[in-house]
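Trainee: With the sequence up front, the predicted model follows.
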Amino acid sequence: MKPRAPIMAIFRKELIEMLRDRRTLMASVVIPVVLYPVLLIGFIRAAESELTRLKEECFVIEVPDDTTRERVEEIIQQAGGQVEEGTDATAAFDIRVGAILPENLGDEVQLLVVLDITPSSPPMPPHWRIVVQYKEVNIRSLTAMQQFGDLLDRFRQDLARRNLGDILNARGGDEWDIDLILNPVEIEAESSATERERGGWALGQIIPLVLVMMIITGTIYPAIDLTAGERERGTLETLMTAPIPMLHLIVGKFLVVATIGMITAVLNVASVGATMYFGGITQLVTEQMTVAFPFSSLPIILVCMIPFALLFAGLMLAVCSFARTFKEAQNYVMPVIIVALIPAFLAVLPTIRLEGALLVLPVGNMVLLTRELLQGTYTWTMVAVVVLSTTLYAAAAVAAATRLFGQEAVLFADAASYRAMLHRRFFKPTPRPSPAQALLLVALLFPMSFYAQSLLAGTSTEDFLGTLRWLAVVQFAGLFIALPVGLAVYLKINVVETFWLHLPPVRAWLAAMFLGLSAWVLAYEFLWFQGLFLPPSELAEQAFEQIGEQLFDAPLALALLLIAVVPGVAEEMLFRGFVLSGLRDGARKWSAILAVSAIFGVYHFTVDKIPLTAMLGVLLAYVCWQSRSIFPAMLFHVLHNGLAVVLPRIESLSPWLEPQTEGPMRGHLPWPVLLFGGLALVFGLALLASIRSSGRPVKPVPLYGIDAVSDPYNDGNKERV
Amino acid sequence: MPMIEVENLVKSFPTATGPEKLAVAGISFQVSAGEIYGLLGPNGAGKTTTLRILSGLLQPTDGRTVINGIDVADDNRRVRHYIGFMTANTGLYQRLSPRELLNYFADLNGLSPNVTRRRVEELIDWLGMADFADLRCGALSTGQKQRTSIARALIANPPVLILDEPTLGLDVLTNRLILDFIRQERARGKAILLSTHYLDEAETMCDRIGLLHEGVLVAEGRLAELQRQSGAERLTEIFLKLVGRKPGDALLSTAGEAVS
C-alpha cells in the first residue's frame, strides 16, 4: 500500500479534529438548523401578534370641546367604527374633551382631533377640515392614526357619495350611477411573473446575503483554530518539523477551512430557505401570491460558492497567519469581516444589477450573482467573470497565507517583533518575486484593469482612438509597467532578473519573428474552431467591425503605437515579466506557463476572448521561457498585434487572405496561407525548442520563508541549470 | 562519523527599533551516532534557538549545520526526515488520541500503512502507552503527554533525536522511564542532542556536555574534562565558575581550543 499523500493526511486529520470540536458543531450545525427557524418564525409571529393586539386596542382621542366630541363620535359610528368598547377585530375610540398640547401625545392620549366645518353657498355642501395630530415616533399613536385614518377615509367617501347624490337629485333628470361618476377609471394590474420567478425574487432578497455571510462566518473559527490556535497550543512547532512543504501544510488546512465554510453555508441556506418557504415568509414578501422554489438554480449556486468559500478560507488564513494567539487572531478578523461585508450590503440594494465594475467587486459580485441565479436573470458571461475573478482573489489569498504562515517572526514569539517584517530595511534582496507577490499583484490589478477596460467599452465606439490613448497611459504604462517595476524596486527584487531583461540568443529573435508573423493564422483557425462551440455574439462582432473601420482610418503610426507597441510591451512586462517570474519558483515549467496564460486570458474579461488569448499566452510564455528574455516575446506580441493593423490596409493582399468560400474547407483561410503560416509556426517553435539547453544558470531562490532552498516545486530549477 | 555538525552558527533576530538581537553568537559542536550530547544553559542562553535551527524551523543568519552529511541549507526537507524533534512544550492535538496522532505523523513522514502499524504498536509497547493510547490527548496527564510526545518524535525511526527539555515537570517514575528510553535509543545507535536545566541529570545522562551562555559555548567536553578545566567537582559549580569568569576571555579561548 502507498503512503497517504500529505495534503490528504492533513485534510483528514484537521477535519476530524474540527468536527470533534463542540464549538464548530455548535456554530456550523446547531445554530443554523435549530436556532434560525425558531428565531425567524418566533420573531415574525411575535411581531404579528403584537400588531394585532394594538389594532384591537381602545385608543384615546382628545378633542377641544363637546361639539367636536359629538361630531367625531358621529364620524366614527357612521364609518362603522366603535366608540369605547372594542370588539375583536376593530379598534375602539375613547373620546375625551380636554386641551392637551400636541407634544404630549403618546401612550396616555394617542390623537388630538380638531374639526373646522366651513359653510359654502348652496348647492355646494359645507367644507370639512379635520386636523388630526399624532406622533409617528410613538407606535401606539401611529397605530391610532392608521385606524382613525381608515375610518376618516370611509367617512369621506360616504359623504362625497351622499353630497353628490343630493346635488344630482336636486338637478333631477335621469338616474345617476354615482359609483361610476366617482370611479371613472378602473385599473386592473396583473402580474406576469411566474411562480418560479416570484419564488426566486423573494428568496433573492435574503438568501444571497445569508449565503455569503455564512460562508464568511463559517470560515472564521476553523481558520483561527488551525493557525493561531495551533500556534498558541504549541503544536505548530512540531508540525513544522515534519518533512512536508509549507505549501502542502497550508493547502491542507485551507481545504478544511473552505469545506467547513461550505458546510456551514449550505446548512444555513437550507435552513433559512426552508424557514422562509414553509414558514410563509415568501408569501409575506410577495404579498400573498403563490410561489415556487427555484430548485434548478441551486446546483449552479453551490458550484459558484466554492471559489468564494476558497477565497474566504484563504483570506482568513492569511489574516490569522499573522496572529500568534487566538485572541489576537479574533482582533484581526473583525475588521476584515466588516470591510468584506460593506460590498455585500451594497449589493443587496434591490436596484443594483450585476454589471460593469460590480462584476469584479469582491464579495459584492458573489451576492449579486447569487441573486441573478435565483431570479433566473443570469448570463454565462456573468458566471464566468465572477467565478474567475473570485478564483483569482482566492489564489492570491492562499499565496499570501503561505507566505505569512512560515514567517519565523510570526512562528515564534521570541523571534523578535513581527512588525520588523514590514520594515523595508529587513527585506532581503531576491532575484525574483515570490508566487505570493506575483498572485497578489495580479489580484490587485484585476479589478483596476477591469475598470479601465469597462471605461473603454463604455465610451461610444466613435472615439475609440481617444479612449485607447487614455488606456495606453493609465492601464498599460501605469498599471502594467510602472506598478510592477515600482513594486519590484520597493521590495528589493532584482528588476533585470524579474523582467528577463537579458539579451536573447539570435535564434530566439528569429523564432519570435516567425511566430509573430504566423500566429494570426493559428488565431483565425482557433476562432473558427471556437465558433463551433461558442458562436460569437452579434453585438461583439458589430463593435469589432466599427473599431476596425476606425483603425483603418487612423494614421498608421498612431494605430501601430496604440494597438501593437504599447500593449505588446506592457502586457509582456506584467504577464511574462513579473507574473511568470513569480510563478517560476512555485511551479514546474509547464504549470507556470499554463497558469500565467490562464491569468492572461482572464484579464481579457469577455468569455469568447479568454480561450484565444490564453492560447496565445502559452506561446508568448514559451518564447520567454526558452529565450530567457522578455524581448523576443515583446517582438512576437508587437508583430502579432501589428499585423491586425497592417494587413487590412494592404489592398493587394486581400484576395490572398479572403477565407475560402466553397469546398470542404469553407470558412477557413486559403491553402497557401495555411501552409506557409503553419510552416512558419512549426519552424519558430522548433527553433525555440532547440535553445533549451543554452539557458543561463539560475540560482535557486528561497521560496516560502523558512521552507526555502529546496522544494519539489523547484524542480524547474534543475532543468534550467 | 558525526551525525550532527554545527559550525560557527549565528542567529540574530531583527527588531523594529534597535539593533539586531544576537541569540546565538557563533557556536560549533558535533554529535556522533550512539552519543548523547547535552546542551546546558540558563533561560535565554540560546538553547532552544539552536535546536530550532537544527530542525529547520529557523534559518541561521550565518554558519553551517550538517545532519547525516547533508547541509540543512541544501536540502531542508530531506534533513527533516533524519530528525526526530521534540519541543519543550509537548504540544499535542487535544482532540486526537495518541494513536491517531502517531498515525498522522507517520503519514506526514511518508510511512506506508504497514510500516506505520508496526511502528505505532512498537512505540506504544516500549513507552507503556497501551492504557491511554485511545484516549483523547486533552485528557492525559503530563507524564502521559510526554511519552506521547517522545513516541511522536520517534515515529519515523530517525537517526538523529533532538529533545528540548525532555524531562521538564515530570514525576520520578515517568522521568526514569523516559531517561531509560533515551539511553536505549542511544544503544540503538542514535545521535541524541538534548537540552536541559537539570544539571545532575546531564551529569548522569550525557556523554558530552556543552555549556551555553548568552549565545556562546563557554565550555564543551566530557564531564571529566570540564572538571579538570574548571577545577570544580559538580556541574553546577563548574557552570557558575565558568560563567562567572566571563567576560575575562581566557576561558573562552580555552573553550575554543577544546572545540577545535
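Mentor: All right, it came through fine.
Trainee: For the residue of the stretch 51-200 of chain B at minimum distance from chain A, give me its contacts.
Mentor: Proximity of the stretch 51-200 of chain B to chain A (CB to the nearest CB) peaks at residue B:91, 2.9 Å away. The C-beta positions use only the backbone N, C-alpha and C, and glycine is treated the same way. By CB atoms under 8 Å, 6 or more residues apart in numbering or on different chains, the contact set of residue B:91 is A:233, A:234, A:235, A:236, A:237, A:238.
Trainee: Against residue A:324, how distant is the fourth one?
Mentor: As judged by CB to CB, to the nearest Å, residue A:236 and residue A:324 stand 10 Å apart.
Trainee: Which residue of those two possesses the greater neighbour count?
Mentor: Higher neighbour count among residue A:236 and residue A:324: residue A:236, with 22 against 17, using other CB atoms under 10 Å in any protein chain shown.
Trainee: is it true that the more buried one touches residue A:230?
Mentor: Yes. Because the distance of 4.6 Å satisfies CB atoms under 8 Å, residue A:236 is recorded as touching residue A:230.
Trainee: related to what we said a few turns ago, the contacts of residue B:91, buried ones only, as a PyMOL selection?
Mentor: This is how PyMOL selects the buried members of the contacts of residue B:91, with burial counted by 16 or more other CB atoms under 10 Å in any protein chain shown:
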select buried, chain A and resi 235+236+237+238
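Trainee: Just give me the closest of the contacts of residue B:91 to residue A:463.
Mentor: Closest to residue A:463 out of the contacts of residue B:91 is residue A:236 (57.8 Å), distances taken as CB to CB.
Trainee: Could you grab the helix/strand/coil label for residue B:195?
Mentor: strand (DSSP: H, G, I helix; E, B strand; the rest coil).
Trainee: Just list whatever residues bridge to it.
Mentor: residue B:39, residue B:164 (DSSP bridges).
Trainee: Can you give me the pLDDT of it?
Mentor: Model confidence at residue B:195, given as pLDDT, is 89.
Trainee: Repeat that for residue A:528.
Mentor: 84.
Trainee: Tell me the spacing between it and residue A:325.
Mentor: 60 Å.
Trainee: all helices of the stretch 101-250 of chain B, in order?
Mentor: Applying DSSP state H, counting those that start in this stretch to the stretch 101-250 of chain B gives helices spanning B:113-126, B:142-153, B:172-187, B:199-205, B:223-230, B:235-244, B:250-259.
Trainee: Let's see the third one as CSV, backbone CA atoms only.
Mentor: Once side chains and other backbone atoms are set aside, the C-alpha atoms of helix B:172-187 remain, and they are given as CSV (Å, rounded to 0.1, in the frame of the first residue of the first chain):
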residue,chain,number,x,y,z
VAL,B,172,10.0,10.5,39.3
LEU,B,173,8.6,7.4,37.6
THR,B,174,8.0,8.9,34.2
ASN,B,175,11.3,10.7,34.5
ARG,B,176,13.1,7.4,35.0
LEU,B,177,11.1,5.7,32.2
ILE,B,178,11.9,8.5,29.7
LEU,B,179,15.6,8.6,30.6
ASP,B,180,15.9,4.9,30.3
PHE,B,181,14.2,5.1,27.0
ILE,B,182,16.7,7.7,25.8
ARG,B,183,19.6,5.5,26.8
GLN,B,184,18.0,2.7,24.9
GLU,B,185,17.8,4.8,21.8
ARG,B,186,21.5,5.6,22.3
ALA,B,187,22.2,1.9,22.4
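Trainee: For that helix, which residues meet the burial criterion?
Mentor: B:174, B:175, B:177, B:178, B:179, B:181, B:182, B:185, B:186.
Trainee: which SSE is residue B:64 in?
Mentor: Residue B:64 is part of strand B:62-67, with elements assigned from DSSP states H and E.
Trainee: How far does whatever helix or strand comes next after that strand sit from its chain's centre?
Mentor: Sequence order places strand B:70-71 as the next helix or strand after strand B:62-67, per DSSP H and E. Here strand B:70-71 is found 18 Å from its chain centre; the criterion is CA atoms, centre = their mean, to the nearest Å.
Trainee: do the same with stretch B:143-150
Mentor: 15 Å.
Trainee: pLDDT below threshold where in the stretch 101-250 of chain B?
Mentor: B:245-250 (pLDDT under 70).
Trainee: quick one, what contacts residue 144?
Mentor: All of this refers to chain A. A:59, A:61, A:91, A:110, A:111, A:134.
Trainee: You answered for a different chain; I wanted chain B.
Mentor: Residue B:144 neighbours (CB under 8 Å, 6+ apart): B:98, B:129, B:132.
Trainee: Next one: it from residue B:177, what distance?
Mentor: Counting by CB to CB, the gap from residue B:144 to residue B:177 is 11 Å.
Trainee: and the stretch 101-250 of chain B, which residues reach chain A?
Mentor: B:104, B:105, B:107, B:108, B:109, B:110, B:111, B:112, B:113, B:114, B:149, B:152 (CB under 8 Å from any CB of the partner chain).
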